[in-house]
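just a sequence and a predicted model for now, questions to come.
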Amino acid sequence: MQEYDRSDPSDIDTTVATLKLWTDQFAAERNWENFHTAKNLSMSVAIEAAELMEHFQWSESIPQRDLSELELAAVAEEVADVLS
């Protein structure tokens, strides 16, 4: 598996292939590969997405500008969980 320097990732030059390699390395370092089945991963995505949706559950519409810094940080963490 090819190693990539993760010290300074940038949205401009980090490719999807690089992100996939980082994810594979992250899982391998923790011996998680055998848990990365389609069932487990799809369930995890759904669970994390539900946690993100909780922030907006009882609102008609919340523009990003109306979120407090604390709320925005919490939403950002949930988005990161969904994408990772």
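Cool, the structure landed. The structure presented is a predicted model; accordingly, all values stated were derived computationally and were not measured.

which stretches of this structure have low pLDDT?
Residue ranges of the chain with pLDDT under 70: 1-9, 62-65.

report the residue ranges of every domain in it.
The chain breaks down by automatic domain parsing into domains covering 1-36, 37-84.

count the residues that sit near V45.
Using other Cβ atoms under 10 Å, V45 has 13 neighbouring residues. Every C-beta, even on glycine, is put in place using the N, C-alpha and C of the backbone.

quick check: the gap between M53 and N40.
Using Cβ to Cβ, to the nearest Å, M53 is found at 20 Å from N40.

how about E77?
In this view, E77 and N40 are 21 Å apart by Cβ to Cβ.

also L19?
Distance from L19 to N40, counting by Cβ to Cβ: 19 Å.

for stretch 52-72, buried residues please.
L52, H55, L67 (16 or more other Cβ atoms under 10 Å).

closest to V82 among those residues?
Of all these, V82 sits closest to L52, with 5.7 Å by Cβ to Cβ.

which stretch of helix or strand covers the residue lying farthest from the centre of the chain?
Distance from the C-alpha centroid of the chain, by Cα atoms, centre = their mean, peaks at E60 (25.0 Å). Using DSSP states H and E, E60 is not contained in any helix or strand.

give me the distance between it and I12.
36 Å.

what does S68 give?
Separation of S68 from I12 (Cβ to Cβ): 29 Å.

so can I have CSV of the buried residues of stretch 52-72 showing distance to T23 and secondary structure?
CSV is the format used below for the buried residues of stretch 52-72 (distance: Cβ to Cβ, whole Å; DSSP: H, G, I helix; E, B strand; the rest coil):
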residue, distance to T23, secondary structure
L52, 19, helix
H55, 25, coil
L67, 28, coil
